[in-house]
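> Provided below for reference: sequence and predicted model.
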Amino acid sequence: SERPSLRRAINATGVILHTGLGRAPLSEAAAAAIQEVAEHYCGLELDLASGTRGSRLDHVEGLIREITGCDESAVVNNNAGAVLLTLNALAREREVIVSRGELVEIGGSFRIPDIITASGARIREVGTTNRTHIEDYKRAISAETALILVVHESNYRVRGFTASVELSELVELGGNAGIPVAHDLGGGVLVDLKRWGLPHEPVAAASLAAGVDVVTFSGDKVLGGPQCGIIAGGAERVERIRANPMMRALRCDKLILAGLEATLRQYRQDATDLPAAHPVLGMMTATAEEVAGRAARLMDALHQDVVIHLRPETEACTSQVGSGAMPLEELSSSAVALSPDFCTAEFLARTLRCDQAAVVGRIHRDQLLLDMRTVRDDEIAAIAAALLRAMGALR
């Protein structure tokens with residue numbers, strides 16, 4: 001039968017949150033929850049206890065409140081939508097103050113200045129690319145100011161002669177001036193990653209505890225759920241956001257909400273046990289020894305013809321989290337490096353991508369690397385079989 005266009009692939013690139021490959025793979029619990037509501041009717045907007053109309057956000061709001069400490073929340077299609085909706089609801093036809101050092105662009109040419117303009121708000125830039133001070137914000141405040149926007153530098157870092165303003169200072173400034181502060185967190189970190197020896201990334205609960213009025217973040221990055229954007233904060237601001245007409249245009253369907261609810265429930269367990277049930281955290285926290293063991297098992301599974309003609313070797317390499325998370329952090333990893341004697345590495349890579357298993361690796365120094373940090377244990381046999389099929393197709 002004809003293959004579907006959108007089908008499963010094996011990620012051997014070493015990029016955990018690979019946008020081209022769909023970002024976060026869901027947990028078994030999230031996938032099961034999605035399948036359950038996909039195959040059956042569900043109480044999406046029906047309160048099953050009372051039989052009256054309910055809100056689709058009820059299914060996740062309590063969990064978001066429990067995890068982040070917010071008063072209220074909303075969920076939309078993605079974080080760009082969350083930022084757009086927040087700005088339109090809180091700052092339309094007025095000014096939004098933002099540091100020039102935070103006017104980010106991420107993949108797909110998504111730019112903060114463009115989102116601010118599209119929301120109907122006016123941008124008020126302060127500071128410079130590398131240095132912004134509290135006095136810059138103070139001088140920018142006027143009767144036209146509706147919001148102070150803080151944007152996490154998710155996919156880059158500025159080093160050297162730099163200065164930025166602490167979140168607590170902006171919260172104090174905003175409070176004194178009666179101006180809300182919104183924090184675009186980007187990647188959606190709900191627990192401190194330092195407990196696993198990873199670099200610190202801002203945690204949603206910490207921003208809200210610092211006094212930020214509204215935070216926005218992605219559901220399909222480090223959080224590990226389906227694609228969505230989460231808005232959390234104080235009741236007054238979030239109620240205005242939820243009442244905005246754009247909310248209906250950006251709302252999520254039952255599949256997204258089911259997957260998100262199941263993912264958020266996993267954060268109730270002890271953080272020590274979370275990586276075992278959470279594929280993204282599992283890949284991020286896997287030790288170098290565990291990944292090397294996976295590479296060794298792939299080597300053992302290879303057919304002798306593959307060994308002779310693709311000349312595989314295991315070698316140390318580095319992986320990345322991807323999708324703007326921890327841009328400077330490299331995770332120690334192991335790869336099976338292939339050096340075919342009958343074609344180029346690029347041609348072999350294309351053949352594997354087009355194989356029924358859709359194995360996606362990366363080219364490095366004229367070799368095809370299969371980085372095992374992002375390969376599941378149950379995918380090793382499929383990769384070995386794909387390599388043998390590639391041999392037959394190319395020779």
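On my side now, so go ahead.

> How is the chain divided into domains?
10-15+281-394, 28-271 (automatic domain parsing).

> end to end, how far does the shortest one reach?
Counting by Cα to Cα, to the nearest Å, the length from the leading to the trailing residue of domain 10-15+281-394 is 20 Å.

> Tell me, what's the model's pLDDT at the residue most central in space within the chain?
Centroid check for the chain by Cα atoms, centre = their mean gives residue 221 as the closest residue, at 1.6 Å. What the model reports for residue 221 is a pLDDT of 92.

> Assign it to helix, strand or coil.
coil (DSSP: H, G, I helix; E, B strand; the rest coil).

> Outside of the helix or strand where residue 114 lies itself, list whatever touches it.
Using DSSP states H and E, residue 114 falls within helix 112-118. With Cβ atoms under 8 Å, 6 or more residues apart in numbering as the test, helix 112-118 has contacts from 80, 83-84, 87, 96, 98, 102-105, 122-123, 149, 151, 184. The C-beta positions use only the backbone N, C-alpha and C, and glycine is treated the same way.

> Give me the mean pLDDT for that helix.
94.

> got it, and stretch 315-325?
86.

> Check for me that residue 73 belongs to a helix.
No. Looking at residue 73 with three-state DSSP, it is strand, so not inside a helix.

> That one touches residue 61, doesn't it?
Yes. Counting by Cβ atoms under 8 Å, residue 61 is a contact partner of residue 73 at 5.3 Å.

> which of those two has more neighbours?
Taking neighbours as other Cβ atoms under 10 Å, residue 73 and residue 61 compare with residue 73 leading, 23 against 18.

> Check the gap between the more buried one and residue 186 for me.
Applying Cβ to Cβ, to the nearest Å, the value for residue 73 to residue 186 is 17 Å.

> and if you look at residue 352?
32 Å.

> all helices of the stretch 101-250 of the chain, in order?
Secondary structure of the stretch 101-250 of the chain (DSSP state H, counting those that start in this stretch): helices located at 112-118, 134-140, 167-177, 204-209, 235-243, 246-250.

> and the ones you listed, which is most packed in?
Of all the helices of the stretch 101-250 of the chain, helix 204-209 carries the top mean neighbour count, a mean of 20, counting by mean count of other Cβ atoms under 10 Å.

> Show the end-to-end separation of stretch 260-279, please.
14 Å.

> Nice, that's everything, thank you.
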